[in-house]
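1. A predicted structure for the sequence below; I have some questions about it.
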Amino acid sequence: MDQKLLDILACPLCKSPLIYAEKAQELVCKADGLAFPVRDGIPVMLQEDARTLSEDEIDALHK
């Protein structure tokens, strides 16, 4: 993911910054506990396509 693009992207729901999870190909919002997919290098920033993170995943983000 291009760092310049990552710097300007924000969660569409709460406007928090996103974290790029390269292995999972997702953009993660820690505040909402959601993961937005990146498909073919393109972030899909739609709430209906977002995955809710498990409690374990959320705990790992806060460490």
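-> Thanks, I have it.
2. nearest residue to Q25 other than its sequence neighbours?
-> Spatial nearest neighbour of Q25, chain neighbours left out: V38 (4.7 Å); criterion: Cβ to Cβ, 6 or more residues apart in numbering. Bear in mind the C-beta positions are built from the backbone N, C-alpha and C, glycine included.
3. I'd say the one you found and D49 touch.
-> No: judged on Cβ atoms under 8 Å, V38 makes no contact with D49 at a distance of 10.8 Å.
4. between these two, which one's more packed in?
-> V38 (18 against 12; other Cβ atoms under 10 Å).
5. helix/strand/coil for the more buried one?
-> strand (DSSP: H, G, I helix; E, B strand; the rest coil).
6. quick one: contacts for it?
-> M1, Y20, Q25, E26, L27, V44 (Cβ atoms under 8 Å, 6 or more residues apart in numbering).
7. which among those end up buried?
-> Buried residues within the contacts of V38, counting neighbours by 16 or more other Cβ atoms under 10 Å: Y20, E26, L27.
8. can you lay out those as JSON lines showing distance to L6, secondary structure and pLDDT?
-> Shown next, in JSON lines, are these (distance: Cβ to Cβ, whole Å; DSSP: H, G, I helix; E, B strand; the rest coil; pLDDT from 0 to 100):
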{"residue": "Y20", "distance to L6": "6", "secondary structure": "strand", "pLDDT": "94"}
{"residue": "E26", "distance to L6": "12", "secondary structure": "strand", "pLDDT": "96"}
{"residue": "L27", "distance to L6": "8", "secondary structure": "strand", "pLDDT": "96"}
